[in-house]
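[1] Everything below, folded, please.
(2 chains)
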Amino acid sequence: MNNILLAVLVLIGAPIIGCLASGVDRKITARLQGRVGPPLLQPYYDVKKLLSKDNMVVNASQNFYAVVYLVFIILSLLMLVFEQDFLMIIFVYTVASVALIVGGMSTGSPYARVGSSREIMAILSYEPVLILYALAIYLLTGTFKLSALLDKSSPLLMYTPLIFIAMIVVLNIKLKKSPFDYSTSHHGHQELVKGMTTEYSGPGFATIEIAHFYEYVFLTGLIFLFWASNPIIGVLIGIIAYLLVIVIDNITARVYWQWMLKLSWSVLLIISIVNIAFLYVSGAQLA
Amino acid sequence: MIENTVMLLILVPLLFSLLFVALPKSLYKILAWAFFIIGVVLSVTLVLDCLPTGGAGAFDVSESSFPMLENIVLVLEVLVILFILAVSAKYKNWPTLGLGIISAALFAYTYANVPGAEGASFNIDQFSQVMILIVNIVGTAIILFATGYMDIYEEHRHLHRQKTFYFTMSFFLAAMNGLVMVDTLGWLFLFWEITTLCSFVLISYNMDQEGINNGFRALALNLVGGITFSIAIILLSTKFNISTLSGVGTDAAAAAVALPVALLCIAGFAKSAQMPFQSWLLGAMVAPTPVSALLHSSTMVNAGVYLIVKLVPAYANTSLGTAIAVYGSFTFVMCSALALSQRNAKRVLAYSTIANLGLIIASAGIGTPLAVAAAIMLILFHAISKALLFLCTGEIEHTIGSRDIEDMSGLIKKAPLLTTLAALGMVSMLLPPFGVLLTKWVSMEAASSNPVVIVFLILGSALTTVYYAKWLGTILSSSMDKNAVPHKKPETYFPLSFLGLAIVVTSIFVFSIYHYFIEPQVNILLKAVPTISGQAGQFTTEIGAFAYAAIFVVLALAILIYLATKSMFKPRMTSYYMCGENNLERDRLMFRNGLCSYEKSSVSNIYLQNTFGESKLTTLGYAISIILIVIALAGGVL
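    So this is what the prediction gives:
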């Protein structure tokens, strides 16, 4: 019974939090650029308006992929909340990412295909880091099940500082923020038009936006795990990481995707592997 | 009972191979249907026969019938060697001739010096049953597909060799059936060499220079494996008095038999086309698609991993096992990277096969009950998915006339059913809740005790996602041009749909499969059972859990939501957004360029040729894999 309540709470609460987070993002970004910015609830107004629009599509199946994207983001968030196997959460999350990519490509628009190709490269950049993060949790708790991590009294971050740094960059890539905002951009004026989501409009695009709200919560949830032993500090770290990503978004210019791949496969992977090697050698266990 | 079924499993494919030769081409379709149905019935009968004896069956051939069968085996071995010598002399392929002569010398030495056995034994454990099911259901489905494929194929190339083709394909299945059921090493070796020979005949099917060269490469590399195999047999029988496969792990201390076991594993690596032997499987792509499907999924390469997994008790938890695990995971990451750089769909699949076999070998090398269970399950799921993908590629090639991934964009509009099946095959290779991903997840969790192996697996896994995702996106993308018409024939579309259905059904019933086949088998091999428990669609190991049923439910939910909301939001079709430059009625993908003429936009996937290209990685792969094999051998001797 409690579980069902919690699930309903997540289903309703997560998009509200995600919507507010998105609004905060736009507000902060506007202030940093010397603008007043939209109201805090602007993302909600956007979605509401999108839902009332005509369902314009270039082919019959494109919205199906958007639904798969939404549903699997929700599933991975629920698996995270219910402390499931972390490795499996990552694979379920991959389903969502692949669905969005395929959805973009399925429209056949050249802009969408360029965006999807780049997003595929993003998977190549961040997925190894995510799985190494899962491996670190396994090494420190003896299981991939998150329930064990949440029983511990000492924070994960103490043993995984390098993976934490890598995860901040992963957060940056996954939220599609500058300098990694090349698969779909948040601003309408870039050469990619709207990347992967170019051909999505109306309700289909609203689905993707709602999925993004869930995804915000899911991704900061991954950061929360670094200090899950004390939920307040965990939430704070999640918020700080999110604000950091917004600041990085505003102070950096977009890079080539090749650059991201090099950064990821050299720096990020190496620091993560060094961190993992340390865990193997020291045989440390979370208290 | 069981003796009869075993004999029928070997004799029926032989009978069909003769029927294919004897009967005219017009009857091939009926023959193939009959072969498929009989194959399904026989393999299921074998599983049922084993039920009363606790799931596994074993029996010996001795006394009256043994001398006769032993003589047949000897004669066949001599014939195989003579055939190899004859063809390599005929085509003046000296390296193969040299290897053939070495094999002949080893055979003569074995005949003279190794004491003759009084009996031979068959050992049909659960793993053999799984293999029998794969060979006789997937294998015959491939032959059925071939009857709808080969006519067009031969028409394009002006060939008339279908009798040879079907004869060899059926013969191949007979040899494979023998290989996975027999326990006596001498007989196993005969079947091993017959599969090598059959693959040579099938790869050089086109009889052009390229085909013959690639056929000889396959023959030569597999002869290397055959030579290490026969040295291992000699060592095992003269030094340790072991003559059966099941005896290798149990009759002697693991450390003592390490060298022959390492040699047997090298034979397995060659057969499974692991680095540095991978070139033969890539060369095998010149053959017709059903041949590739057969070699890659249900027969040839599975023989190698079958042998390696069967040898698990001899190297589990030894340094040799660790070396094998590192070697397998290295092949996994290297071939996944190579697959990323390929545009040719068949080459992508070939590298993907080699990579997945590497994953199987890595899991076997880790040697924990959990890992071995993952290895056996991966053989099963990989066989089904890969057979489907190869056959789909063949059918796509006949539909659009190309096997280049870039040419496949817009396929969903041209051949919707075929594309859906191919997409299902790809999704089943990389995403939950399908079997391959489930087993990959199990093997990753099992591998996390070994830092090198797990890092290789993580990198390889990300690369796998990438090369399948971009292919998946390409075939599902809808372009506006439509100029190909699928020719739907029941004998091609039935096997495809059947395999697609098999993927879904085996993935749904994964726990029953695990419970009935895999768990007892791991118990036989390691005398220990993985602590996997499962109920109501949940798969729980000692280090993780996976509620695969939940994912199926959510997938169904996604489809339901989509269908339910479809009427709520009536879709209105429109054209692409091309920044206002797409004013042409003719083709809506046209841009107006600076000279006011029109140019069609074209977008291709990213292949990273400069990083992961064959020219960049192959040499590195050869060097490191050879070093790893030498380390494995050295670890075996010391």
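
[2] Tell me the spatial nearest neighbour of the residue in chain B positioned nearest to chain A, not counting adjacent residues.
    In chain B, the residue that lies nearest chain A is B:G473 (3.4 Å; CB to the nearest CB). C-beta coordinates here come from the backbone N, C-alpha and C atoms, glycine included. For B:G473, ignoring the flanking residues on the chain, the nearest one in space by CB to CB, 6 or more residues apart in numbering or on different chains is A:M105 at 3.4 Å.

[3] correct me, but the one you found touches B:S478?
    No - in this structure A:M105 lies outside contact range of B:S478 using CB atoms under 8 Å: 9.3 Å.

[4] who has more neighbours, these two?
    A:M105 (31 against 21; other CB atoms under 10 Å in any protein chain shown).

[5] dump the residue contacts of the more buried one.
    With contact taken as CB atoms under 8 Å, 6 or more residues apart in numbering or on different chains, A:M105 is in contact with A:A112, A:R113, A:S116, B:G473, B:T474, B:L476, B:S477.

[6] before we move on, what SS does the first one have?
    Judged by DSSP: H, G, I helix; E, B strand; the rest coil, the three-state class of A:A112 is helix.

[7] buried sites along the helix or strand where A:R31 lies?
    For A:R31, the enclosing helix or strand under DSSP states H and E is helix A:2-32. By neighbour count on 16 or more other CB atoms under 10 Å in any protein chain shown, the buried set for helix A:2-32 is A:10, A:14-15, A:18-29.

[8] Which other helices and strands does the helix or strand hosting the residue of chain B closest to chain A contact?
    Under the criterion of DSSP H and E, B:G473 resides in helix B:451-476. Packing partners of helix B:451-476 (3 or more CB pairs under 8 Å, 6 or more residues apart in numbering or on different chains; DSSP states H and E): helix A:86-106, helix A:110-141, helix A:269-282, helix B:319-340, helix B:345-366, helix B:411-414, helix B:416-430, helix B:435-447.

[9] for the last one, the distance to its chain's centre please.
    The one in question is helix B:435-447. 17 Å (CA atoms, centre = their mean, to the nearest Å).

[10] does any part of that helix sit near chain A?
    Yes - applying CB under 8 Å from any CB of the partner chain, one finds that helix B:435-447 is in contact with chain A at B:L437, B:W441, B:M444, B:E445.

[11] which two from the residues you listed end up farthest apart in space?
    B:L437 and B:E445 (12.6 Å; CB to CB).

[12] hmm, back to that, ok, so of the buried residues of helix A:2-32, who is nearest B:M377?
    For the buried residues of helix A:2-32, the nearest to B:M377 is A:V10 (32.6 Å; CB to CB).

[13] Just give the nearest non-adjacent residue to that closest one, would you?
    In space, and not counting its chain neighbours, A:V10 is closest to A:V81: 5.3 Å by CB to CB, 6+ apart.

[14] what do you get for B:A293?
    In space, B:A293 is closest to B:F390, 3.7 Å off (CB to CB, 6+ apart).

[15] Secondary structure of the one you found: a strand, I assume?
    No - per three-state DSSP, B:F390 lies outside any strand segment and is helix.

[16] Quick one: residues contacting it.
    Contacts of B:F390 were listed using CB under 8 Å, 6+ apart, and they are B:T289, B:S292, B:A293, B:H296, B:S297, B:K346, B:L349.

[17] Look up the pLDDT of the spatially closest residue to the second one that is not a sequence neighbour for me, please.
    When you say that, I think you mean B:S292. Excluding its sequence neighbours, the residue lying closest to B:S292 (CB to CB, 6+ apart) is B:F390, at 5.2 Å. On pLDDT, B:F390 comes in at 92.

[18] Would you check that A:V274 makes contact with A:I163?
    No - A:V274 is beyond contact range of A:I163, at 9.6 Å (criterion: CB under 8 Å).

[19] Could you check which of these two is surrounded by more residues?
    More crowded of A:V274 and A:I163, by other CB under 10 Å: A:I163, with 28 against 12.

[20] mind listing what's buried in the host helix or strand of that one?
    Counting by DSSP H and E, the element that carries A:I163 is helix A:161-174. Under the neighbour-count criterion of 16+ other CB under 10 Å, helix A:161-174 has A:L162, A:I163, A:F164, A:A166, A:M167, A:I168, A:V169, A:V170, A:L171, A:N172, A:I173, A:K174 buried.

[21] hey, where'd the helices end up in the stretch 151-300 of chain B?
    For the stretch 151-300 of chain B, the helices defined by DSSP state H, counting those that start in this stretch cover B:162-181, B:185-203, B:209-239, B:245-250, B:258-271, B:279-283, B:289-293, B:300-310.

[22] Can you list the buried residues in the third one?
    It stands for helix B:209-239. Across helix B:209-239, burial judged by 16+ other CB under 10 Å covers B:211-237.

[23] Tell me, please, the helix or strand in chain B that averages the lowest pLDDT.
    Among the helical and strand segments of chain B, the one scoring lowest on mean pLDDT, DSSP states H and E is strand B:533-535, with a mean of 61.

[24] In contact with the residue lying closest to A:R31 once chain neighbours are set aside, which residues?
    Nearest in space to A:R31, with sequence neighbours left out and distances taken as CB to CB, 6+ apart, is A:G37 at 6.3 Å. Residues in contact with A:G37 (CB under 8 Å, 6+ apart) are A:R26, A:K27, A:T29, A:A30, A:R31.

[25] give me the low-pLDDT residue ranges for the stretch 101-250 of chain A?
    The stretch 101-250 of chain A contains residues with pLDDT under 70 at A:185-192.
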